[in-house]
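> give me a 3D structure for the following:
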Amino acid sequence: MILFRPGQQLKAFSVYRKKAQTDERGRVIYHNENLEYITEIKGSLSAISQKEKYKWKQIEHTASHTVVVRGTTEVQPEDILVHNGQRYDVESVEEPGEVGIFTILYCNNRKFFSYFV
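Reported below is the predicted structural model:
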């Protein structure tokens, strides 16, 4: 069993937002080179439980991890979180109780992404 002192479990994540472009046909496209740095957040990363995994499967999303952030954050769904070369695509943002104490980010882990190195 791993025991943390307060603050030891927090990891720093860089937040990037996709910038939309339109091609010659008028379709909206996203490129990995066209990302905008937003901010840096600190949160606690953990794998989701079986119950949450089943919930996400029902609504046809693939969430694999949660990041719990103290307070509110400007992170939106479809933003990208990066920590130590690991990419986490934000699927959903929830604020339990809607009082601004904690924010839960449901993310899908993507393996190493060279753009952020």
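
> hey, let's count contacts and neighbours off CA atoms from now on
Will do.

> looking at this protein, which helix or strand is least sure?
Least confident helix or strand of the chain, by mean pLDDT, DSSP states H and E, is strand 28-29 with a mean of 72.

> distance of F13 from V99?
From F13 over to V99 the distance is 23 Å, taken as C-alpha to C-alpha, to the nearest Å.

> go through the longest strand along the chain and flag the buried ones.
Once the chain is assigned using DSSP state E, the strand that runs over the most residues is strand 35-47. Of the residues in strand 35-47, L35, I41, K42, G43, S44, L45, A47 count as buried by neighbour count, 16 or more other C-alpha atoms under 10 Å.

> could I get those as a markdown table with pLDDT and distance to T103?
As requested, the buried residues of strand 35-47 are arranged in a markdown table below (pLDDT from 0 to 100; distance: C-alpha to C-alpha, whole Å):
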| residue | pLDDT | distance to T103 |
| --- | --- | --- |
| L35 | 83 | 23 |
| I41 | 95 | 11 |
| K42 | 94 | 11 |
| G43 | 93 | 9 |
| S44 | 91 | 11 |
| L45 | 90 | 12 |
| A47 | 87 | 16 |
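
> let me know the closest of those residues to Q76.
Distance to Q76 across those (C-alpha to C-alpha) is lowest for I41, with 12.8 Å.

> contacting residues for that closest one?
Applying C-alpha atoms under 8 Å, 6 or more residues apart in numbering, one finds that I41 lies in contact with A12, F13, S14, V15, V69.

> quick check, G97 in a strand?
No. The secondary structure assignment for G97 gives helix rather than a strand, going by DSSP: H, G, I helix; E, B strand; the rest coil.

> burial check on the closest residue to R87 other than its chain neighbours, number of neighbours?
Taking C-alpha to C-alpha, 6 or more residues apart in numbering as the measure, R87 lies nearest to R110, with 5.0 Å between them; neighbours along the chain are not counted. Burial measure for R110: 14 neighbouring residues, criterion other C-alpha atoms under 10 Å.

> and V15, how close does it get to G43?
Distance, V15 to G43, using C-alpha to C-alpha: 12 Å.
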